[in-house]
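Engineer: the sequence isn't on hand, but the structure is:
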């Protein structure tokens, strides 16, 4: 992806050439009917394994009362997962030629995320990041290989961009060794420095030439991953409720949490997909910020599921935390999700102060729900659902007025 303002010229799709190996050339931004491939969907599903592991460990550390430590480890592990996924997605949007070598290298990246997933528990429990680093190394070296392939098929500024990506990815991988080799007190600072360095690689690589990502394809990729993460949230919460009912016969006590959690996830889906965001991605700079901002959307969406699990365990007495802390485990990531979706999506399609305030006010009310004790999750779900109803009503009224006046109205 690119922060530059001049897109590269469209080039013929590389998939037109026959054979097992094809030149890895840039695809055109104007391709019609560009959709996610089966390989990309498989890639996303395998990444969710790592997200599920990170969420499960966040539940365990939170339930044990180690909230700050759990959040820090979750942020670090989730960054590795998200950043590897995002880099692949933008590269694939620009260069996917679907030949045999491209598929094999992508499968290697999938193997890497599975190795990373195996290292999530040691990272949380013993602050041992060796297996996480190994999994990340597999993914990033495979990504560097793809960029070198692209450089071999390009020339001029495009070749320079690909080589900068390959070099930047490799150098950052060396820097992440600090999480393995340096003393534990230094590791949060290593994470901060290296996260900034990783985020700067695309800025530097594409300062002279932008990759030819496809707006509709990128919007679909992010949307599908959001659906998968929300699905994982529902699955985690369902398993938690089932286990609690089986072990403690506490269905009556858990119904408010289950109902509230379902309303939260349903509302989260509705709010994300109510606007056609691909139209907003015509600007390269906007797309750059939009793609980075999804770290908070994905991380908060997954954390909602972990929070629901914590709330269930607290209800049946399996945690060492208070009701207030268990409620905050749900309300805070929900509020963060609402605010980031508003900042990245909704505000660009809202008109008037009332429409603009719906999600920020909802986020504030959700935070207030934290103090409602055992009813906090249900109240959060009801507030979230009310925000959907309010937004739909305001949009319907505005559309009706526009029709009466004969003017058009954008989606809201």
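Structural biologist: Ah, there it is. In this text, all values refer to a predicted model and were calculated from it rather than measured experimentally.
Engineer: could you list the low-pLDDT ranges of the stretch 101-250 of the chain?
Structural biologist: In the predicted model of the stretch 101-250 of the chain, residues 248, 250 satisfy pLDDT under 70.
Engineer: for the closest residue in space to residue 222 that isn't next to it in sequence, give me its contacts.
Structural biologist: Closest residue to residue 222 apart from its sequence neighbours, by Cβ to Cβ, 6 or more residues apart in numbering: residue 294 at 6.0 Å. For the C-beta atoms, the positions are set from N, CA and C on the backbone; glycine is no exception. Residues near residue 294 by Cβ atoms under 8 Å, 6 or more residues apart in numbering: 82, 86, 222, 344.
Engineer: what's around residue 170, how many residues?
Structural biologist: Residues near residue 170, counting by other Cβ atoms under 10 Å, number 16.
Engineer: which residues in this protein form helices?
Structural biologist: For the chain, the helices defined by DSSP state H cover 38-63, 67-95, 100-118, 120-126, 130-152, 156-175, 178-181, 187-205, 215-248, 251-273, 284-315, 323-344, 353-369, 376-405.
Engineer: would you reformat the ones you listed as CSV and include distance to residue 27?
Structural biologist: Listed next are the helices of the chain as CSV, based on distance: least, Cβ to Cβ, whole Å:
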stretch, distance to residue 27
helix 38-63, 14
helix 67-95, 6
helix 100-118, 12
helix 120-126, 34
helix 130-152, 11
helix 156-175, 12
helix 178-181, 35
helix 187-205, 18
helix 215-248, 9
helix 251-273, 25
helix 284-315, 16
helix 323-344, 25
helix 353-369, 35
helix 376-405, 35
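Engineer: for residue 28, find the nearest of those helices.
Structural biologist: With Cβ to Cβ as the criterion, residue 28 lies closest to helix 67-95 of the helices of the chain, at 9.9 Å.
Engineer: just the angle between the closest one and helix 130-152, please?
Structural biologist: Helix 67-95 runs at 20 degrees relative to helix 130-152, counting by axes from the mean of the first three to the mean of the last three Cα atoms, to 10 degrees.
Engineer: re the thing from before, any chance of a markdown table for the contacts of residue 294, columns neighbour count?
Structural biologist: Output for these, formatted as a markdown table (neighbours: other Cβ atoms under 10 Å):
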| residue | neighbour count |
| --- | --- |
| 82 | 22 |
| 86 | 20 |
| 222 | 23 |
| 344 | 22 |
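Engineer: what's the closest of the residues you listed to residue 188?
Structural biologist: Of all these, residue 82 has the smallest distance to residue 188: 17.8 Å, by Cβ to Cβ.
Engineer: I figured the closest one hits residue 297, correct?
Structural biologist: No: the pair residue 82 / residue 297 is not scored as a contact, 9.8 Å apart, by Cβ atoms under 8 Å.
Engineer: what pLDDT does the model give the spatially most central residue of the chain?
Structural biologist: Computing the C-alpha centroid of the chain and ranking residues by Cα atoms, centre = their mean puts residue 298 first, at 3.0 Å. pLDDT for residue 298: 93.
Engineer: any idea how far it lies from residue 202?
Structural biologist: 18 Å (Cβ to Cβ, to the nearest Å).
Engineer: repeat that for residue 134.
Structural biologist: From residue 134 to residue 202 the distance is 24 Å (Cβ to Cβ).
Engineer: good, we can wrap up now.
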